[in-house]
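K.L.:
prediction below, plus the sequence it came from.
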Amino acid sequence: MRKTYLLNIEGKNRERLVEASKHDIRKYVRRERGRALPPGVDFWDFECKFGSNEATAAPVHFATLMGLIDTVVQEGGEQFYVEVVTKPGHRTARPQVAANASVDDEGFDE
């Protein structure tokens, strides 16, 4: 999904345009997550880019996308560009925490 959302369209409420854009992004993600996984894939992951236009879009984490949209709206932006691309995801093991850290039982450094 690669799309530029306009926030100031004559005859349309700005807040409704913002909510419609968020709904459109969530609907796309929900549809993609519902697709069958290929063999050897654990989950669907998303590569996201966000910016005021396509040329200035920078990679962002999917979890921060809605907050970035809210920031653009609060700053009075005219439009924003969102790119959400589905890719296969593979789970990795969590790193083991050292059992003998330099912290005593109460959690304070000595």
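P.N.:
That came in fine, so what should we check first?

K.L.:
show me the shaky parts of the protein.
P.N.:
98-110 (pLDDT under 70).

K.L.:
can you map out the strands along the protein?
P.N.:
Taking DSSP state E as the criterion, the chain carries its strands at 2-6, 43-51, 58-60, 79-89.

K.L.:
could these be laid out in TSV, adding mean neighbour count?
P.N.:
Placement of C-beta: from N, CA and C, glycine included. Shown next, in TSV, are the strands of the chain (neighbours: other CB atoms under 10 Å):
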stretch	mean neighbour count
strand 2-6	14
strand 43-51	16
strand 58-60	12
strand 79-89	16
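
K.L.:
got CSV for the ones you listed, with distance to residue 14 too?
P.N.:
Below are those laid out as CSV (distance: least, CB to CB, whole Å):
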stretch, distance to residue 14
strand 2-6, 10
strand 43-51, 19
strand 58-60, 23
strand 79-89, 12
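
K.L.:
and the closest residue to residue 5 other than its chain neighbours, what does it touch?
P.N.:
Excluding the flanking residues, the one nearest residue 5 by CB to CB, 6 or more residues apart in numbering is residue 21, at 4.2 Å. Shown in contact with residue 21 (CB atoms under 8 Å, 6 or more residues apart in numbering): 5, 69, 80, 82.
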